[in-house]
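Peer 1: what's the 3D shape of this:
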Amino acid sequence: MRYIEIDGQKIEVHECDDCPCRDDGDMGYGAMCKHPKNSYVEVFGGKMYEKPIYLRVGLGKDCPLREEEE
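Peer 2: Numbering: from 1, shown residues only. Here you go, the predicted structure:
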């Protein structure tokens, strides 16, 4: 199990579907993780764009959330 703390409240995250950082995109197609540690900034034409990393299925080793031992 992983968790994220928002405004002092600890939120348990069992899978990407119940994570507050998940953006479903277009009804699940193009779903992405909006966690600040899971994106990068790209400069194009003198402007900066935040590029999120698209989700993989489940909370794998690439998930930036903290892990809690049960």
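
Peer 1: confidence score at Asp7?
Peer 2: pLDDT recorded at Asp7 is 93.

Peer 1: neighbours of it, how many?
Peer 2: 5 (other C-beta atoms under 10 Å). Every residue, glycine included, has its C-beta placed from N, CA and C.

Peer 1: what residue ranges in this protein score low on pLDDT?
Peer 2: Residue ranges of the chain with pLDDT under 70: 28, 39-40, 51-61, 69-70.

Peer 1: report the central residue of it.
Peer 2: Cys33 (3.0 Å; C-alpha atoms, centre = their mean).

Peer 1: any idea how far Gly46 is from it?
Peer 2: Per C-beta to C-beta, to the nearest Å, Cys33 is found 27 Å from Gly46.

Peer 1: go on, Glu5?
Peer 2: Taking C-beta to C-beta, one finds Glu5 at 36 Å from Gly46.

Peer 1: higher neighbour count, those two?
Peer 2: Neighbours per residue, other C-beta under 10 Å: of Glu5 and Gly46, the larger number sits with Glu5, 10 against 5.

Peer 1: which non-adjacent residue is nearest the more buried one?
Peer 2: Ile11 (7.3 Å; C-beta to C-beta, 6 or more residues apart in numbering).

Peer 1: could you pull out the buried residues of stretch 14-29?
Peer 2: For stretch 14-29, burial by neighbour count (16 or more other C-beta atoms under 10 Å) applies to 16, 19, 21-22.

Peer 1: distance of Ala31 from Cys21?
Peer 2: Distance from Ala31 to Cys21, by C-beta to C-beta: 11 Å.

Peer 1: equivalent analysis for Glu50, please.
Peer 2: 13 Å.
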